[in-house]
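*Asks:* Got a predicted model here, sequence first, then my questions.
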There are 2 protein chains.
Amino acid sequence: MITNDGAVGVGLAGFGTVGSGVWNTLARNGGLITERAGSAVKFEIHQIVVRDPDKPRAASVPTELFTTDWQSMVEHPLVEIVVELIGGTEEAFELVAASLGAGKPVVTGNKALLAERGEEVFALARRHQTPVYFEAAVAGGIPIIKAARESFIGNQIDLISGIINGTSNYILMRMTEAGLDYPTALKEAKELGYAEADETLDVNGWDAAHKAMLLGAIVHGFLIDPDEVYVRGIEYVRPLDICFAKDLGYVVKLLCIVRQHEDGSIEIRTQPSFIPKTNILASVNDVFNAVAIRGDGFGDALFYGRGAGQDPTASSVVSDLVDAGRSLREAPKGGNQGFLPYRKKGTLKPIDETETAYYVRFPVTDRPGVVADIASLLAKAGIGISGTHSSIVPDEPDAAFVDMVFLLHTCPFGTLKSALKAIEDLDCVTERPVVFRIETL
Amino acid sequence: MITNDGAVGVGLAGFGTVGSGVWNTLARNGGLITERAGSAVKFEIHQIVVRDPDKPRAASVPTELFTTDWQSMVEHPLVEIVVELIGGTEEAFELVAASLGAGKPVVTGNKALLAERGEEVFALARRHQTPVYFEAAVAGGIPIIKAARESFIGNQIDLISGIINGTSNYILMRMTEAGLDYPTALKEAKELGYAEADETLDVNGWDAAHKAMLLGAIVHGFLIDPDEVYVRGIEYVRPLDICFAKDLGYVVKLLCIVRQHEDGSIEIRTQPSFIPKTNILASVNDVFNAVAIRGDGFGDALFYGRGAGQDPTASSVVSDLVDAGRSLREAPKGGNQGFLPYRKKGTLKPIDETETAYYVRFPVTDRPGVVADIASLLAKAGIGISGTHSSIVPDEPDAAFVDMVFLLHTCPFGTLKSALKAIEDLDCVTERPVVFRIETL
């Protein structure tokens, strides 16, 4: 029996950056929230699960709220909503499953959990008629989950294109504007706190890919098996590629694409891409994120803002808390707002069938015949060439080792792959070619 | 007694562009909506109020749905939600009041009604515990109302800056990129269907001002008396101003500002403004709209998309319909989501106390002493000058009538106004000076 005296009882699991941001936001703006949302929506945090309750903390939290035992928090009679911010996909899953099993709605920012084990999580949500809110899982302070789920509920969504990893975006921006190479730009990002000590998931594309999978799931109704998703990171981007892009009128961005095809299949992929510098996504700099959505009806829309950090992410958690609290107090019958509907078995468009134009850089030994050899193999594969360039510099026009760049017309990725396989076998090609998609958006 | 067999019954008032867009969207995507929102959310339009039921229409609507009598539509036992798309502030008010009186939630796109008679409308909503939804009233296909109301519910909002009139934006863009004068650009906008036959409300700033007032009301909790709002349109913008702006690194946009001051007062104004060309708002072209929001927590966010037109606006109406339908079926206790809370009596910052830098153009008879005369009066008022320019062209360096431009440091608008009054009395000043705000954003 709830005896919260009106306030919605909250249990917090995890009290790092985002968790303490949530505490601070409720402390600072709790009155404002109640003023705006009505007196039914007032929150009280009853327990906070941490690893070390004795660790000194910036937020002024009564120490009796801390516990190391998430099970007791979930079972706490005054906790009505569970906020999961511990990360990872094992313990976090157990915690979320236990909360849903107890009929307590979950608010989470855990994109890895939802992208990798979403099928289980949402099945539990549905079985227990208890919603999962996850605005904080995608693009921090940008309310893209709500927009995709509620505002565009009456629209077919043809294309989502997003820049949704701030770390990668910062690194690519610094490579572009200051000519830094990748290791230097990464080092700088770490020094500024824009990259984690372990940067792997940010720069290898998987953080962005997880978010793209969640966006795709919301608008198309199913999650893709992560093993089948095409993901490339920014580690192999070279200053040379950035320069070529600039000369050609493009900007290099780590881009996520979620596209619905006419046959109903969904294309989902994440990779460094050339986008026209006139496209509004090309202006997204620093650690900012942006998601462009195209659909029937509204046409084109874009959402831009801070994609990470304590306060932006806490801000999304708090807006989810309000939705969850409102639903608890005002919609006792529930509703499926917080379930991810598995409406149908979806079909992933095989990556080999997806089509764009391409920029391909071949590291070669420069001897007469190189261009001819590569061009004939491309011709044999039926791939058109729209331009070739080399990395030759003015004062060394006869360098022996160069990078040859080919701009290729639109063709299926599978066709390109086979052609590249043949080209790699040429004796003049010294390393694996590097491929960037050229997106028209 | 509702016998709608599950479907939520809808009555539509107005069947012009947006109304038929709503019909078509429900016809095309009704299945998708139910798939996404759950089987409880299915819509059936029972009556459509039109002036002339016999007029041929593009949408294939059974003729028996048409009626000329809005009262009977509102009272129709199967109509649970009323969609108001007739425009105006008289009959539309009566219709909305009758619907709320009957406990039937209202979905409307009528920004003039809500901005001018919002106090009455929302008081009725509150009294009858029946919500009003108005996503379609601000920035067509951009879900900015939901974002401001729900996603940023936990945030203090310091600044909203918006380009929210597509017609003005198109005209200013054409003046900028093609050097057109105002009448020619307006004519072009009309030919393309981007301006109404009567363009008044679009170009005089009031359409944008109404939207800004609604955004301000959502985040700050009160509506401003329209008589007190400062609004200027684009009719007096000259190609000369656009050229000066460009040379100085700015772009001219019709900009709405809603700013919270530390004393708690709210500054709301709409006028053509210089914004730095590097600001993302400067890239908003054509008939697109954009709203930038700055607040504690999330920092800066921007929403961009189509601000008007049949399908974008219909898309917002449909998303409101889903929210309204869901609330009817799932939250019988209501909740105040659709009421505009009049939490407090708000204070409008007097326009004379608002501060920016300025661009002022003085049409003058050019004689020695003009700059000195103007500069001394500005000095007397304590206003700093950061630069002066004239409209002199290379092949006529001694023209008699010119425009003198002064760039002025930040000062209260009231200070500027008094100084300009004194300057207008100079015999060399031939017409009223033209003022643009220079916004730093």
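*Replies:* Now that the structure is in, tell me what you want to look at. Numbers count the residues shown, from 1 in each chain, chains lettered A, B, ... in the order given.
*Asks:* make it CA atoms for all contacts and neighbour counts henceforth
*Replies:* OK.
*Asks:* Now whichever residue of the stretch 51-200 of chain A sits closest to chain B: which helix or strand?
*Replies:* With C-alpha to the nearest C-alpha as the measure, the residue in the stretch 51-200 of chain A that lies nearest chain B is residue A:141; the distance is 4.9 Å. In this structure, residue A:141 sits in neither a helix nor a strand according to DSSP states H and E.
*Asks:* go on, residue A:245?
*Replies:* Element membership of residue A:245, judged by DSSP H and E, is helix A:239-247.
*Asks:* Buried residues, that helix. List them.
*Replies:* Of the residues in helix A:239-247, those buried under the neighbour-count criterion (16 or more other C-alpha atoms under 10 Å in any protein chain shown) are A:239, A:241-246.
*Asks:* do stretch A:428-440 as well
*Replies:* Of all the residues in stretch A:428-440, those buried under the rule 16+ other C-alpha under 10 Å are A:428-430, A:433-439.
*Asks:* contacts with chain B among those, please.
*Replies:* When the buried residues of stretch A:428-440 are filtered against chain B using C-alpha under 8 Å from any C-alpha of the partner chain, no residues are retained.
*Asks:* could you pull out the strands for the stretch 51-200 of chain A?
*Replies:* When assigned using DSSP state E, counting those that start in this stretch, the strands of the stretch 51-200 of chain A occupy the ranges A:66-67, A:81-84, A:106-108, A:132-133, A:157-163.
*Asks:* about what we covered before: just the closest of the buried residues of stretch A:428-440 to residue A:291, please.
*Replies:* Proximity of the buried residues of stretch A:428-440 to residue A:291 (C-alpha to C-alpha) peaks at residue A:439, which lies at 14.9 Å.
*Asks:* wouldn't the closest one be in contact with residue A:271 here?
*Replies:* No - with contact defined as C-alpha atoms under 8 Å, residue A:439 and residue A:271 do not form a contacting pair (11.0 Å).
*Asks:* Check what pLDDT residue A:1 gets.
*Replies:* The per-residue pLDDT reported for residue A:1 equals 39.
*Asks:* Could you find the closest non-adjacent residue to residue A:137?
*Replies:* With C-alpha to C-alpha, 6 or more residues apart in numbering or on different chains as the measure, residue A:109 is the residue that lies nearest to residue A:137, at 3.9 Å, once sequence neighbours are left out.
*Asks:* Kindly provide the distance from that neighbour to residue A:307.
*Replies:* With distances taken as C-alpha to C-alpha, to the nearest Å, residue A:109 is found 12 Å from residue A:307.
*Asks:* between those two, what contacts are shared?
*Replies:* Common neighbours of residue A:109 and residue A:307 are listed as A:138, A:313 (criterion: C-alpha atoms under 8 Å, 6 or more residues apart in numbering or on different chains).
*Asks:* Quickly check: stretch A:262-282 near chain B or not.
*Replies:* Yes - with C-alpha under 8 Å from any C-alpha as the measure, stretch A:262-282 is seen reaching chain B through residue A:280.
*Asks:* again with stretch A:345-358
*Replies:* No - against chain B, stretch A:345-358 shows no contacts by C-alpha under 8 Å from any C-alpha, the least distance being 13.3 Å.
*Asks:* and if you look at stretch A:146-166?
*Replies:* Yes - in this structure, stretch A:146-166 sits against chain B according to C-alpha under 8 Å from any C-alpha; the contacting residues are A:146-147, A:150-156.
*Asks:* quick one: contacts for residue A:282?
*Replies:* Residue A:282 makes contacts with A:251, A:253, A:275-276, as judged by C-alpha under 8 Å, 6+ apart.
*Asks:* Tabulate the strands of the stretch 51-200 of chain A (CSV), appending mean pLDDT and mean neighbour count.
*Replies:* Compiled in CSV, the strands of the stretch 51-200 of chain A are given as follows (pLDDT from 0 to 100; neighbours: other C-alpha atoms under 10 Å in any protein chain shown):
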stretch, mean pLDDT, mean neighbour count
strand A:66-67, 96, 20
strand A:81-84, 98, 28
strand A:106-108, 97, 28
strand A:132-133, 94, 27
strand A:157-163, 98, 23
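*Asks:* In TSV, list those strands along with distance to residue B:400.
*Replies:* Formatted as TSV, the strands of the stretch 51-200 of chain A follow (distance: least, C-alpha to C-alpha, whole Å):
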stretch	distance to residue B:400
strand A:66-67	79
strand A:81-84	72
strand A:106-108	69
strand A:132-133	68
strand A:157-163	55
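*Asks:* Quick check: which of the ones you listed is nearest to residue B:371?
*Replies:* It's strand A:157-163; of those, that one is closest to residue B:371 (C-alpha to C-alpha) at 50.2 Å.
*Asks:* Give me the helices and strands touching that closest one, please.
*Replies:* Contact analysis of strand A:157-163 by 3 or more C-alpha pairs under 8 Å, 6 or more residues apart in numbering or on different chains; DSSP states H and E lists helix A:206-220, strand A:250-260, strand A:288-295 as its packing neighbours.
*Asks:* Now render these as a markdown table, adding distance to residue A:228.
*Replies:* Putting the helices and strands packed on strand A:157-163 into a markdown table (distance: least, C-alpha to C-alpha, whole Å) gives the following:
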| stretch | distance to residue A:228 |
| --- | --- |
| helix A:206-220 | 11 |
| strand A:250-260 | 14 |
| strand A:288-295 | 23 |
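*Asks:* now those in CSV, with mean neighbour count and mean pLDDT?
*Replies:* Converted to CSV, these look like this (neighbours: other C-alpha atoms under 10 Å in any protein chain shown; pLDDT from 0 to 100):
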stretch, mean neighbour count, mean pLDDT
helix A:206-220, 25, 95
strand A:250-260, 25, 98
strand A:288-295, 24, 96
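*Asks:* what's the closest of the contacts of residue A:282 to chain B?
*Replies:* Relative to chain B, and with distances defined as C-alpha to the nearest C-alpha, the nearest of the contacts of residue A:282 is residue A:276, at 14.2 Å.
*Asks:* residue contacts, the residue nearest to the closest one when sequence neighbours are not counted?
*Replies:* Counting by C-alpha to C-alpha, 6+ apart, the nearest residue to residue A:276 once its immediate chain neighbours are dropped is residue A:250, at 4.4 Å. For residue A:250, the contacting residues are A:274-277, by C-alpha under 8 Å, 6+ apart.
*Asks:* From residue B:144, how far off is residue A:250?
*Replies:* Going from residue A:250 to residue B:144 by C-alpha to C-alpha gives 30 Å.
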